[in-house]
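*Asks:* Sequence first, predicted model second:
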Amino acid sequence: MNNYYKFKFSFNKFDKKHKMTCLKEKTIRTKIVYKGTFLTLNNDKVLLPNGNTSTREWIKHPGAVCCIPILPDGKIGLIKQYRYTVKRQMIEIPAGKLNQNEIPERCALRELEEEIGYKADKLTFLTNIHPAIGFTDEKMWLYLAENLVKTEQSLDSDEFLSLFPTKLDEAVDMVWNGKITDVKTIIGILWAQKILCE
């Protein structure tokens, strides 16, 4: 017990002594390893806070939006989609990357209509999230989409997904029992629970 308090005290001293700015890494050089249609893989040499150097491999991403669509019957408009990277079908909220010079709100409305075939008359910004800070600079805008009106789904030629209307409490259960593991979807569902159940 005494050792625990000694450790806690010394850690707090260390924490006060080293401010957040001391943790910053400075880029020495950037090398583009691969440039794809919208992703760029970089290999950077960086100067560490202790004066040593290291490398950082990271992916440049244009940014994306994700939406929690509330369908006319009150269910959440989740989708099911096969994700090649994890080799399995995932349950997600609708999302998509920003086109060049596209504002997030316009992207959100476009993606909703393309993916689930609904137009939102009310779009509320909730928060920004960074889904994978260990290897990409991707930033996502999260929206609540309400007052949905049925239009037509318009998927890309290589995009295959199905609408999966789900009651909010069932979606929350799927988060806690591990059936939903996609990070943006977990965050979106918990935001929906906070807002819609207050």
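*Replies:* Received it, and whenever you're ready, just let me know what you need. The shown structure was predicted, so the numbers you read here are calculated from the model rather than taken from an experiment.

*Asks:* show me the contacts for P69.
*Replies:* For P69, the contact set (C-beta atoms under 8 Å, 6 or more residues apart in numbering) comprises 76-77, 93-94, 112, 116, 118, 120, 145, 148. Backbone N, C-alpha and C define where each C-beta goes, glycine included.

*Asks:* so what's it closest to, chain neighbours aside?
*Replies:* G77 (3.7 Å; C-beta to C-beta, 6 or more residues apart in numbering).

*Asks:* Please give the element, helix or strand, for that neighbour.
*Replies:* Using DSSP states H and E, G77 maps to strand 76-83.

*Asks:* For V149, which residues are in contact?
*Replies:* Applying C-beta under 8 Å, 6+ apart to V149 gives the contacts 118-121.

*Asks:* redo that, cut-off 7 Å
*Replies:* Shown in contact with V149 (C-beta atoms under 7 Å, 6 or more residues apart in numbering): 118-119, 121.

*Asks:* Top of those by number of neighbours, please.
*Replies:* Within the contacts of V149, most neighbours by other C-beta atoms under 10 Å means Y118, with 24 neighbours.

*Asks:* Look at the closest residue to that one other than its chain neighbours and give its secondary structure.
*Replies:* Distances taken as C-beta to C-beta, 6+ apart put L148 closest to Y118, at 4.2 Å, once the chain neighbours are dropped. Using DSSP: H, G, I helix; E, B strand; the rest coil, the structure places L148 in strand.
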